[in-house]
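J.: Quick check, what structure comes out for this input:
(one chain, ligands or ions: 1)
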Amino acid sequence: SRQPTHDLMAIHPYNPLEDPYSLYPHSLRNIDELCASIVRSHRETSQYRVEELQALRWKLFSREEIQAYQSKSVDEMWQHCAIRLTEAVQYVVEFAKHIPGFRMLSQNDQIALLKTGSMEVVLVRMSRFFNTENNTVFFDGKFAGTEVFKSLACGDLITAVFDFAHGMCALKLTEQQIALFSALVLINADRPCLEDKGRVQRVQRSVEFGLTHILHRDNQESLMHKLYQRVAVLRSLCSLHMEKLRWFSQRYPLTAHSLFPPLYKELFASEAELLPGNNH
Ligand SMILES: CCS(=O)(=O)c1ccc(CNC(=O)N2CC3(CCCC3)c3nc(-c4c(OC)ncnc4C4CC4)ccc32)cc1
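T.: Numbering: from 1, shown residues only. Alright, predicted model coming up:
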C-alpha cells in the first residue's frame, strides 16, 4: 500500500534509546498525560481567554485614542509597548515552568530558552487575539490596527507581526494544538549557548511527539510542516525585532537600559551591552 504522505515515523524515527520519558518523573506515564499537562499550563497562563476576547473583537480605539498613540514620541511608545510585552512575557515564563522536563534543565538553559523563545511564544499567543476581518490585534484593552503603532517608527516590523498573525489564523489551530506548538517553539535545542544541548533535545523530542500525537488524533498531520514554516517566519520576525531593538537602544540608550522593565536586562541585554556599574 502507498505510504501515507505524512508517515509519522518518517518525521520522528523512533529511537528506542531515546525514550522521551527517561527524563520525567514516573508521574507522566504516557503521551496523553504529557499533552494534557502542557494544555493545562497553556490554559492557566494564557493571560486572556480566547472567548472573552472574542466578545471584545469589535471594541476598537476611537479616533482620539489613535491620535493619542500617534502623538507619543518614539521612545514613549516603545516604552509603553515594552510594558505590555513584558506583561505578556511573564505569562510565558509561567507557561514554560510547567512544561514537563523544563524545570529539570539547568537554570542557565532555562534562561537561554526563554531569552530567545519567549518573544516567539508571545507572538504565537498574540495571533489568537487577532481579528482578520478588520486587521486588528488586541492591545492595551482594545483591538488596534497598524496605525496605532505608527510612532514606534518600525512599520515593517509591525506589518510583519500582522502578516504572521494572519498566517497563524489561517491555520485555524485549536487551543490544544497552540499549546503544544508554543511548547515546541520554546523548547528548541538549536538555541545558542545551551549548556546541555542533549538534555534539551530529549525534552524537545517529547514535545514534538506530543504535537505529532495531537495532530494525528485530530487527523491533521498535514499541519506539521505548515507549523515548521511558521517557526521559520517567527525566527525572521524576532531577528527583525532584535535589529530594531539595537537601533532603538543606540538612539535612546537611557530608555533602553534604565526604563525597560528589569526583565529586559535578564532576558535581552547581553553582557557587552550592560553599562559599567549596572552589574546586579
Ligand atoms: C520581553 C520583555 S523585555 O525584555 O522587557 C522587552 C524587550 C523588547 C521590548 C521592545 N519591543 C516591544 O515592546 N515589542 C516588540 C513587539 C513587536 C514585534 C515583536 C513584539 C511588540 N508587540 C507588542 C504587541 C503586544 O504586546 C503584548 N500585543 C499586541 N500587539 C502588539 C504589537 C502589534 C505588535 C508590544 C510590544 C512589542 C520590550 C520589552
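J.: Contact partners for the residue most central in space within the chain?
T.: Ranked by distance to the mean C-alpha position of the chain (CA atoms, centre = their mean), the top residue is residue 121 at 0.8 Å. Applying CB atoms under 8 Å, 6 or more residues apart in numbering, one finds that residue 121 lies in contact with 92, 95, 182, 185-186. All C-beta atoms are positioned from the backbone trio N, CA, C, and that covers glycine.
J.: The ligand: which of those residues is nearest?
T.: Using CB to the nearest ligand atom, residue 92 comes nearest to the ligand of the contacts of residue 121, at 8.8 Å.
J.: Surely the closest one and residue 125 touch.
T.: Yes: contact criterion CB atoms under 8 Å: residue 92 and residue 125 qualify, at 7.4 Å.
J.: by contact count, what packs against the helix or strand hosting residue 212?
T.: Assigning secondary structure by DSSP states H and E places residue 212 in helix 197-217. The elements that helix 197-217 packs onto, with contact taken as 3 or more CB pairs under 8 Å, 6 or more residues apart in numbering; DSSP states H and E, are helix 8-11, helix 31-44, helix 107-126, helix 175-186, helix 223-251.
J.: ok, the longest one near the ligand or not?
T.: Yes: using CB under 6 Å from any ligand atom, helix 223-251 comes into contact with the ligand via 241, 245.
J.: Ok, the fourth one next?
T.: No: contact of helix 175-186 with the ligand (CB under 6 Å from any ligand atom) is absent, the minimum separation being 13.5 Å.
J.: I'd like the distance from that helix to the chain centre, please.
T.: Distance, stretch centre to chain centre, for helix 175-186: 9 Å (CA atoms, centre = their mean, to the nearest Å).
J.: List of residues touching it?
T.: Taking contacts as CB under 8 Å, 6+ apart, the residues outside helix 175-186 that touch it are 35, 38-39, 41-43, 50, 92, 95-96, 99, 102, 113-114, 117-118, 120-121, 124-125, 128, 173, 204, 207-208, 210-211, 214-215, 218, 220, 223, 227, 230-231, 234.
J.: And stretch 43-53, by the same measure?
T.: Judged by CB under 8 Å, 6+ apart, the contacts made with stretch 43-53 from elsewhere in the structure are 87-88, 91-92, 94-95, 98, 125, 128-129, 138, 175, 179.
J.: Please list only the buried members of these.
T.: In the contacts of stretch 43-53, burial by neighbour count holds for 88, 91-92, 95, 98, 125, 128-129, 138, 179, counting by 16 or more other CB atoms under 10 Å.
J.: And the host helix or strand of residue 91, what's buried?
T.: Residue 91 is located in helix 74-97, with elements delineated by DSSP H and E. Of the residues in helix 74-97, those buried by neighbour count under the rule 16+ other CB under 10 Å are 75, 77-82, 85-86, 88-89, 91-93, 95-96.
J.: wait, does that helix contact the ligand?
T.: Yes: Helix 74-97 is in contact with the ligand by CB under 6 Å from any ligand atom, via 78, 81-82, 84-86, 88-89.
J.: Now render these as TSV, adding distance to residue 192.
T.: Formatted as TSV, the residues of helix 74-97 next to the ligand follow (distance: CB to CB, whole Å):
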residue	distance to residue 192
78	25
81	25
82	23
84	27
85	21
86	22
88	23
89	19
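J.: from the contacts of stretch 43-53, which two are the most distant?
T.: Using CB to CB, the contacts of stretch 43-53 reach their maximum pairwise distance at 98 and 138, which is 23.7 Å.
J.: For this protein, which residues score under the pLDDT cut-off?
T.: 1-29, 259-280 (pLDDT under 70).
J.: repeat that with 80
T.: Judged by pLDDT under 80, the chain has its weakly predicted residues at 1-29, 256-280.
J.: Return the residues in contact with residue 198.
T.: residue 189.
J.: That should have said residue 57, apologies.
T.: Counting by CB under 8 Å, 6+ apart, the residues that residue 57 touches are 131, 143.
J.: From here on, call the first residue 21.
T.: From this message on, residue numbering opens at 21, which makes the last subject residue 77.
J.: mind checking the SS state of it?
T.: Following DSSP: H, G, I helix; E, B strand; the rest coil, the label given to residue 77 is coil.
J.: swap in residue 239?
T.: Per three-state DSSP, residue 239 ends up coil.
J.: now residue 193
T.: Three-state call for residue 193 (three-state DSSP): coil.
J.: ditto for residue 153
T.: At residue 153 the chain is in coil, as set by three-state DSSP.
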